[in-house]
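Colleague: what's the 3D shape of this:
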Amino acid sequence: MADKRVVVVLESINGDGYTQGYAECTQHVNDALRVNWDTHGSAMHGVDTEAAHAAAKTEYNNLHLPVMDLVTTALQSDEFVTQLNEVFPDDDEDLE
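Modeller: Residues are numbered from 1 along each chain as shown. All right, here's what the predicted structure looks like:
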């Protein structure tokens, strides 16, 4: 589930960056050529990519990973190394 949210944030960054870059480029073309370039053909025309990115970022920032509760509990213990080894067993030790 966490990986999907990371992908959603990355895709929203790309979409928002593309939209802002396209708008900036369009403005430069309009200014340089003294035309009014029609942007209705843009894939992102009329899409609020900034809001989509903000929503994806908020969802990601509110992400709860249960393993972090285990890590926090382990780090509060006097035997934190032992507890962390229980949370994250070393697979190499199993091979010996």
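Colleague: mind giving me the domain split of the protein?
Modeller: The chain breaks down into these structural domains: 1-63, 65-96 (assignment by automatic domain parsing).
Colleague: in space, what's closest to Thr73 - neighbours in sequence excluded?
Modeller: Computed as CB to CB, 6 or more residues apart in numbering, the closest residue to Thr73 that is not its neighbour in sequence is Gln83, at 7.3 Å. All C-beta atoms are positioned from the backbone trio N, CA, C, and that covers glycine.
Colleague: longest helix of this protein?
Modeller: Ranked by residue count under DSSP state H, the longest helix found in the chain is helix 2-33.
Colleague: by contact count, what packs against whichever strand or helix holds the residue nearest to Thr73?
Modeller: Per DSSP states H and E: Gln83 is located in helix 80-87. Applying 3 or more CB pairs under 8 Å, 6 or more residues apart in numbering; DSSP states H and E, one finds that helix 80-87 contacts helix 66-75.
Colleague: so the helix it packs on versus helix 80-87, what angle?
Modeller: Orientation check (axes from the mean of the first three to the mean of the last three CA atoms, to 10 degrees): helix 66-75 against helix 80-87 gives 150 degrees.
Colleague: what comes up buried for helix 66-75?
Modeller: Neighbour-count burial for helix 66-75 flags Ala74 (criterion: 16 or more other CB atoms under 10 Å).
Colleague: okay, now the unreliable bits of the protein?
Modeller: Counting by pLDDT under 70, the ranges of the chain that qualify are 1-2, 92-96.
Colleague: quick one on the thing from earlier: packing partners for the very next helix or strand once past the longest helix of the chain?
Modeller: Later in the chain than helix 2-33, the nearest helix or strand by DSSP H and E is helix 49-61. Judged by 3+ CB pairs under 8 Å, 6+ apart, the packing partners of helix 49-61 are helix 2-33.
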